[in-house]
Structure formats: structure tokens, C-alpha cells
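Engineer: I'd like to go over a predicted model; first the sequence, then the structure.
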Amino acid sequence: MKENQTNPKKVSITKVFKDIVWPRWKLLLIGLILIIINRLCGLVLPGASKYLMDDVVVNKDFEMLKTVVIAVISAIFVQAISSFALTRLLSVEAQRLIAQLRVKVQKHVMSLPISYFDNTKSGVLVSRIMSDVEGVRNLVGTGLVQLIGGSITAIISFFLLINISPSMTFFVLVPISIFGLISLKAFKFIRPIFRKRGKIRAEVTGRLTESLNGVRIIKGFNAEEQENKIFEAGTIRLYENVKKSLTSTAIMTSSSTFLLGVASTGIMGIGGYKIIQGELSIGDFLAFTLYLGFMIAPIVQMSNIGSQLTEAFAGLDRTEELMNLSGENDDDKRKEEVPNTIQGNIILKDVNFEYEENKEVLHDINIEAKAGTITALVGSSGSGKTTIASLIASFLNPTSGKIFIDDQDLRFVDLYSYRQHLGVVLQDDFLFEGSIEENIKFSNPTATEEEFKNAVDAAYVSEFTDRFEEGLQTIIGERGVKLSGGQRQRVAIARAIIADPKIIILDEATSNLDTESEALIQESLDRLMKGRTTIVIAHRLSTIQKADQILVLHQGNIIEQGTHDELIEKEGRYHQLYKYQARI
Ligand SMILES: Nc1ncnc2c1ncn2[C@@H]1O[C@H](COP(=O)(O)OP(=O)(O)OP(=O)(O)O)[C@@H](O)[C@H]1O
């Protein structure tokens, strides 16, 4: 979107270091010390083997044997304790960080403008918030520390190996270097695959959530087959992606097996020759092969950790991209608070609006809605009614022109301070899983019992909840599916009443209700609109007749304006709509 400049650049290592690693340096340092202790203890066994072969066995030295056994067992004990402490310390911290990041990302997502949500699948956002941040587990968790610890062990082992036999060590270095090069290439190849994987997964879950929500439509149109195919296609894309990365992981694993095999065979040959020549003791040979394992294991392990880190970075790339989008209230100009003494006068001055560049959907709109009055928007489908309502609700910003609330220019207003005074009742009124009471109090959780009761009475909610065994505590199911359309509307009206806003944006539902429900809803709407500035996308004649002004829209223009009687008298477009349609 125009107001949202995406920044697709990849997250930099320095940034990750500064934001994620550095604030935890103490913990990571402890982790590092623990891993060094852990790895050094690991070197005791091969060291001891050399003594066992060359000294203990040769000299039949039982005292020395005891010392060697005690040293090895102690080292193994310390190793076990340190690896336990390491996991406890770092893995817990990593999980804490994941939780913190999720909270941060969710908060940011909620601050994004409506236009962003119109253009992004909710499943994609769920995945951004829940899965993408999980990658940091590998940065703060044991991953990074193991990478460093592994490198240290490898370096120490390298010197110990040189000490035993430089020629054998250099021989080994050749296949290891080849392996290193292959790994580097593989990582370069894998990173974009991981990046894409997150995207595919988000798309597939997004569509899945949608189809589960729309199960009635799917079954109603017998469209299961079609939906199953879409899901299958998505799943196969995901599978193909995983397959691709598995191929390169497999290349890495098998090349490591092969190259290490080559190294071992070479060592066997050279070592055997040297032993025969008397240049190398059996103990040294044994120690060499064991140290070699210690040098190579971390390198192989590093390739694993490397792919974990790659995955972490790919996730962080996507998180970063999202966090770089500016929130709807982030504009420095939005500093003015709307005072609690707000009257609720609304003025739209020369407002133009386009969703997409050069496709203007509202042209030169001028509206004045005085505090406490009802303004009805009527007009054919697509004429721009919802767009005007969304502009007044500050969900959209005019492409040009201004909107004033009392005397404040809406462009400079802190949106949260404005929306405190705003209430919305929309057609597909969204109710949450939970009780009726929770849904009503949603807009004002601190409402008193009296306020709650007033709202319930004003919207005639008890008229139907009295018939429920659980009354207002009845759980209404996801999106309120367990209530009828008319009942849902009344809950939504009660929810708006309890918020006690100064300005009401109302999109009247078009659903046909029986006369009794209709009358009850009309009554509750009257109570909702009383004393508030109401902008209503009107479909009921009774609402329209009551309106202080009716704005007739046609293709993004206001073509007529006046009260019901005035407009009927004029015999223009409104008269036409009124005459030819039972409902407008
Ligand atoms: N998110 C969007 N992106 C692009 N174009 C949009 C978007 N929403 C609406 N439009 C277009 O803007 C125009 C006005 O739409 P709007 O929803 O305001 O009409 P409406 O009068 O409320 O219609 P209805 O009575 O059918 O709800 C339409 O041409 C529509 O196609």
C-alpha cells in the first residue's frame, strides 16, 4: 500500500547480533563457558586412551589405571551436568524470547492499517506471529553456543592432532576443506528455499483456515472436491520445497560420510605405515583417531546447526519485513488527542479516495454531519457508501481532501484517542467465541453491572437470553454461529451501546427478519443512535425516514441530499430508488 513502504532487504547479521544476541551476552557467555567445559571434558577420554595404551598397559601400572579411570569418569560426569545446565539455561531463554517476539509482532500487526489486512490472508499473519519467530530458538538456544563451542573443540583438537602427527593432520585437512566448501554452497542454496517454505506454509494454512470458516458455503455448493484439490496442491508445493532442501542436506550428509571415510582410510594407511616404521606409538595412533573424531564431529554438526541458523535467519527476514511496515498511528503528525469533551461534528471537505492508483472511487465528497444527528447513506451497490463510512471511521485516509471531527483535522489526530469515541455496528457483525456477556462487554471491559444491564435492556438482549438455560452466560460458538442473525445483531448493538461512543458507524444488515424481530432491532437502534452522531448505511425505510439528512450516492458522487420528504418531492434518484425498491 502507498502508506506502507515494505522493505524487503534481508535482516543483517549485525542487527540480529545487536537486537537478539547482545542483550543476552551474560547468559550466552555462561553458556559458552559451560560448553567449553563440556567439550574439554570430552577430550579427556581420547587423551586417557593414549596413556592406557602407551603407559598403563605397557608398564602394567595399576595405580595409573585407577587414576585414568577416575579422570575419565569425572570428566564424563562434569560433561553430563554441564550439558544439562546448558539446555536448561539456554533453551528456556530461547522460549522466553520466542514468547516476547510473538507478543511484539502481534502488537505490531494489530497496529497496521485496515488496507494491509484487506490485502493479506489472515492465515499468513497467524504464521508470521506464531511460526516465523520460532527460528530464534536456534540463535539463543543451544545452536549458536554449540557452533562456537564446536569450533573451539575443533581448533583444540586440531593442535593436538598436529602435535601427534603433522603429516597425518594435513592429509585429513584436504577432505575436510572440500566438505566445508560443499557446505557453504549448500547453505547458499538452502536459505531461499527456507524463506519460501515459510511463505508456502503460511499460504496453505491461510487457505485452510478460510475453508474451515467457510465450510457452510463449501458444503452448500458441494465444493469439497475443489477445496480438497486446492489444499492438496498447496501441500504438494510444501512437500516439493522440503524435498528440494532435503536433497542438499542429503548431499551434505553423504559427502561428509564419503570424505570422512577417505580421511579415515588414509589415516589407517599412513598411521599403519608409521607404526611399522616405529615413528608412531599405538597409543598415539588411537588418540589421533579419537581426536580426529572430535575435530570432525563439530564440523559435521556445524553443518546441521548451520541449516538451523539459516532457517532462523529466513524466519527473521520475514519478521523484519513485517516489522518494517509502518503502523497506522505511527505518523509523527498524529499527535493531537481528541478531548473527552468531543461533540461529534463531522465534516468531509473535498474528499477524494482511491484504493488503487488512478482508480478514484469517491469524487469531491462534501458532507456535514452535525453532532447528534443521523446521516443516512443510500445508493446502489458499489456507489461508495462503505468507503465513506470507513473514511469516517479512520480505517482509510482520503487520497486528497480533509476530514474534520469538531475542529480537528483527522490527519493529525492520534487514532486511538479518536476511536475511543467511535462505535461500529457492521453487517457481518463479528462475535467472538465466548459468552454473550463477554461479547457485550468486549467494547468496554470495565463497564459496571448497571451499564451492562442498561445495554442488555436497551438492545432487547434478555428477550432471547431469558429463554436460554445459561442466560447471558450462554457460549455462542465461533463467530456467534449458535445465535440467529437477529440475535447476533442485538448483541452487536448492545456491544456498541455499552461503549457509549459519540460517533456511530452503522451498516444496517439487509437480512430479512420477521416483523417482531425487526421492530425490536429498530427499537434498539433508536436507543443506540440517540444523542450520538450516526453515519448509517441505511437499508431500512424507517431509519431513512428518521434521518436528519439522506445522502444519495451514485458512482462515487453525492447526487442528492436532503430529508426523506424533500427528496421524494424532488422526484429524482432517491424517489426512483424508493419507488422501485421495497427496501433501499
Ligand atoms: N479494498 C478495496 N480495494 C479496491 N477497491 C475497492 C475496495 N473496496 C471497495 N472497492 C471499490 O470501491 C467502490 C465503492 O465500494 P463500496 O464498498 O464503498 O460500495 P458500497 O456502496 O458500500 O457498496 P455495497 O452497497 O455493495 O456494499 C466499488 O467500486 C468497489 O469495487
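Structural biologist: Ah, there it is. On a predicted model such as this, the values are computed, not experimentally measured, just so you know.

Engineer: tell me the centre residue of the chain?
Structural biologist: By Cα atoms, centre = their mean, the chain has its centre lying nearest to residue 129, at 2.0 Å.

Engineer: residues near residue 334, how many?
Structural biologist: 18 (other Cβ atoms under 10 Å). Using the backbone N, CA and C atoms, a C-beta is placed for each residue, glycine as well.

Engineer: Which strands or helices does the helix or strand hosting residue 295 pack on?
Structural biologist: For residue 295, the host element (DSSP states H and E) is helix 282-323. Here helix 282-323 touches helix 13-16, helix 25-51, helix 92-110, helix 122-130, helix 136-140, helix 142-164, helix 166-213, helix 224-277, going by 3 or more Cβ pairs under 8 Å, 6 or more residues apart in numbering; DSSP states H and E.

Engineer: Most tightly packed of those helices?
Structural biologist: Mean neighbour counts were taken over the helices and strands packed on helix 282-323 using mean count of other Cβ atoms under 10 Å, and the top value, a mean of 24, falls to helix 136-140.

Engineer: tell me the average confidence for that one?
Structural biologist: Averaged across helix 136-140, pLDDT comes to 76.

Engineer: before we move on, what about stretch 322-341?
Structural biologist: 87.

Engineer: Stretch 348-360 too?
Structural biologist: Taken as a whole, stretch 348-360 has a mean pLDDT of 92.

Engineer: and it, how far out from the chain's middle?
Structural biologist: Chain-centre distance of stretch 348-360: 31 Å, with Cα atoms, centre = their mean, to the nearest Å.

Engineer: buried set for that stretch?
Structural biologist: Across stretch 348-360, burial judged by 16 or more other Cβ atoms under 10 Å covers 348, 351, 353, 354, 360.

Engineer: The third one reaches residue 362, doesn't it?
Structural biologist: The one in question is residue 353. Yes: using Cβ atoms under 8 Å, residue 353 and residue 362 qualify as a contacting pair, with a distance of 4.1 Å.

Engineer: any idea which element the residue of the stretch 1-150 of the chain found nearest the ligand lies in?
Structural biologist: Nearest residue of the stretch 1-150 of the chain to the ligand, counting by Cβ to the nearest ligand atom: residue 118, 4.6 Å away. Using DSSP H and E, residue 118 falls within helix 114-119.

Engineer: Enumerate the residues of the stretch 351-500 of the chain near the ligand.
Structural biologist: For the stretch 351-500 of the chain, the residues in contact with the ligand under the definition Cβ under 6 Å from any ligand atom are 355, 356, 361, 379, 381, 382, 383, 384, 385, 386, 387.

Engineer: you'd agree the fifth one is in a strand?
Structural biologist: No: looking at residue 381 with DSSP: H, G, I helix; E, B strand; the rest coil, it is coil, so not inside a strand.

Engineer: Tell me which of the helices and strands packed on helix 282-323 approaches residue 77 most closely.
Structural biologist: Counting by Cβ to Cβ, residue 77 lies closest to helix 25-51 out of the helices and strands packed on helix 282-323; the figure is 8.5 Å.

Engineer: Also compute the angle for that closest one relative to helix 142-164, please.
Structural biologist: Interaxial angle of helix 25-51 relative to helix 142-164 (axes from the mean of the first three to the mean of the last three Cα atoms, to 10 degrees): 30 degrees.

Engineer: And helix 25-51, how far out from the chain middle?
Structural biologist: That offset, for helix 25-51, works out to 38 Å (Cα atoms, centre = their mean).

Engineer: Measure how that helix sits relative to helix 92-110, angle-wise.
Structural biologist: Going by the same axes, to 10 degrees, helix 25-51 is angled at 140 degrees with respect to helix 92-110.

Engineer: Point out the other helices and strands that helix 25-51 packs with.
Structural biologist: Under the contact rule (3+ Cβ pairs under 8 Å, 6+ apart), helix 25-51 is packed against helix 62-86, helix 142-164, helix 282-323.

Engineer: Tabulate the ones you listed in TSV, adding columns for distance to the ligand.
Structural biologist: What follows is these, written out as TSV (distance: least, Cβ to the nearest ligand atom, whole Å):
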stretch	distance to the ligand
helix 62-86	51
helix 142-164	42
helix 282-323	20
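
Engineer: possible to save those helices as JSON lines with distance to residue 498?
Structural biologist: Below are the helices and strands packed on helix 25-51 laid out as JSON lines (distance: least, Cβ to Cβ, whole Å):
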{"stretch": "helix 62-86", "distance to residue 498": "52"}
{"stretch": "helix 142-164", "distance to residue 498": "49"}
{"stretch": "helix 282-323", "distance to residue 498": "33"}
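
Engineer: Minimum distance to residue 474: which of the ones you listed has it?
Structural biologist: helix 282-323 (37.5 Å).

Engineer: ok, back up a step: next, the buried residues of the helix holding residue 118.
Structural biologist: Quick answer for helix 114-119 (16+ other Cβ under 10 Å): 115, 116.

Engineer: Now find how far off-centre it is within its chain.
Structural biologist: Distance of helix 114-119 from the chain centroid (Cα atoms, centre = their mean) equals 14 Å.

Engineer: any idea of the mean pLDDT for it?
Structural biologist: Mean pLDDT, computed over helix 114-119, is 87.

Engineer: For it, which helices and strands make contact with it?
Structural biologist: Helix 114-119 packs on no helix or strand, going by 3+ Cβ pairs under 8 Å, 6+ apart.

Engineer: Put the alpha carbons of it into PDB.
Structural biologist: Presented in PDB, the C-alpha positions along helix 114-119 are these (Å, rounded to 0.1, in the frame of the first residue of the first chain):
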ATOM      1  CA  ILE A 114      -7.100  -2.000   7.600                       C
ATOM      2  CA  SER A 115      -5.800  -1.800   4.000                       C
ATOM      3  CA  TYR A 116      -3.000  -4.200   5.000                       C
ATOM      4  CA  PHE A 117      -5.500  -6.800   6.300                       C
ATOM      5  CA  ASP A 118      -7.600  -6.400   3.200                       C
ATOM      6  CA  ASN A 119      -4.600  -7.500   1.200                       C
END
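
Engineer: Residue 551: how many residues sit nearby?
Structural biologist: Close neighbours of residue 551, defined as other Cβ under 10 Å, add up to 24.

Engineer: And for residue 365?
Structural biologist: Burial of residue 365 is recorded as 23 neighbouring residues (other Cβ under 10 Å).

Engineer: pLDDT weak spots in the stretch 1-150 of the chain?
Structural biologist: Applying pLDDT under 70 to the stretch 1-150 of the chain picks out residues 1-13, 16, 142.

Engineer: which residues does the closest residue to the ligand within the stretch 201-350 of the chain contact?
Structural biologist: Going by Cβ to the nearest ligand atom, the ligand is nearest to residue 348 of the stretch 201-350 of the chain, at 13.9 Å. By Cβ atoms under 8 Å, 6 or more residues apart in numbering, the residues touching residue 348 are 365, 366, 367, 368, 388, 391, 392, 398, 401, 402, 403.
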